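[1] I need the structure of the sequence given here:
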Amino acid sequence: MSEFAFFRFMSSSMLNLEEQQYKDEIVSLTEQVLDAKGIECDSKISKISEEQLREILEQVRKLRKKKKIGEDNESQRQEELDILYNSIKMSRNSPSATPLWPLIYGLGIVAFSVFLFAVRAGIAIFLIFMTIGVAMIMVWVYYSARIKQNSDMKFGAKQLCRCAMCSHEKASLCLEQECACCTVIKGESTVGHTDSPLQ
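    From the prediction side, this is the model:
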């Protein structure tokens, strides 16, 4: 039934090139419109005026547009979810990300110790929980500082060496050979690279 309507659309040159290419989609949408109008057989479609046929085609185009917008929104939503999932996955796998659990637990334990002190649970219990909480916070501060230092070191190793004294092209070579002209040394260990010679 709707195929006959499609052929009427084609014979009247009502369809554009894209609609002609997607025949199956147009036929199924036309079927829906014709069912909604109560038109059930080919004999009724053949008796429809060209004006009514244009109205049916307009309704088919509206349905098709709604369907496309829905598909676009769904695909866009799926892309956003994929991007979010990948960014979460990357942040979990990233060695430069400091875990927050020691900080959160430390703050929670400190708050609990203050609560115990407020309800007069005893100074010994307060000091025990306060010490554990502060220790966890200090572990988190130390760990985040070490990670930041290591990431700075890795970043420095990827840089080019612009030192006029040594003839190395990359800072990683300077760090390996501990060039006195452009490496930063703290105590007995090399901690970084600088472009300023003889610092």
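[2] All the strands of this protein, residue numbers only.
    For the chain, the strands defined by DSSP state E occupy 183-186, 189-193.
[3] any idea which of those strands scores lowest on pLDDT?
    The minimum mean pLDDT among the strands of the chain belongs to strand 189-193 (a mean of 68).
[4] Worst mean pLDDT across the helices and strands of the protein, which element?
    Least confident helix or strand of the chain, by mean pLDDT, DSSP states H and E, is helix 42-47 with a mean of 64.
[5] What's the local residue count around the closest residue to residue 14 other than its chain neighbours?
    Distances taken as Cβ to Cβ, 6 or more residues apart in numbering place residue 57 nearest to residue 14, at 5.4 Å, with adjacent residues excluded. Every residue, glycine included, has its C-beta placed from N, CA and C. When neighbours are counted by other Cβ atoms under 10 Å, residue 57 registers 22.
[6] The one 3 residues further on too?
    Neighbour count for residue 60, taken as other Cβ under 10 Å: 26.
[7] Contact partners for it?
    For residue 60, the residues meeting the contact criterion (Cβ atoms under 8 Å, 6 or more residues apart in numbering) are 26, 29, 30, 33.
[8] Among these, name the buried ones.
    Among these, the ones that count as buried by 16 or more other Cβ atoms under 10 Å are 26, 29, 30, 33.
[9] Turn those into CSV, including pLDDT.
    Putting the buried ones among the contacts of residue 60 into CSV (pLDDT from 0 to 100) gives the following:
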residue, pLDDT
26, 76
29, 76
30, 75
33, 76
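[10] could those residues be laid out in JSON lines, adding distance to residue 131?
    As requested, the buried ones among the contacts of residue 60 are exported to JSON lines (distance: Cβ to Cβ, whole Å):
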{"residue": "26", "distance to residue 131": "75"}
{"residue": "29", "distance to residue 131": "72"}
{"residue": "30", "distance to residue 131": "77"}
{"residue": "33", "distance to residue 131": "75"}
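[11] between these, which is nearest residue 112?
    Relative to residue 112, the closest of the buried ones among the contacts of residue 60 is residue 29; by Cβ to Cβ it sits at 63.2 Å.
[12] my read: the closest one touches residue 62, true?
    No: contact status for residue 29 versus residue 62: not in contact, 9.3 Å apart, counting by Cβ atoms under 8 Å.
[13] you'd agree residue 168 is up against residue 175?
    No: counting by Cβ under 8 Å, residue 168 stays clear of residue 175, with 9.5 Å between them.
[14] Which residue ranges of this protein form helices?
    Assigned by DSSP state H, the helices in the chain fall at 2-11, 17-21, 23-37, 42-47, 50-93, 101-118, 123-158, 171-177.
[15] what would these look like in CSV with distance to residue 185?
    Below are the helices of the chain laid out as CSV (distance: least, Cβ to Cβ, whole Å):
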stretch, distance to residue 185
helix 2-11, 81
helix 17-21, 69
helix 23-37, 71
helix 42-47, 89
helix 50-93, 33
helix 101-118, 31
helix 123-158, 13
helix 171-177, 10
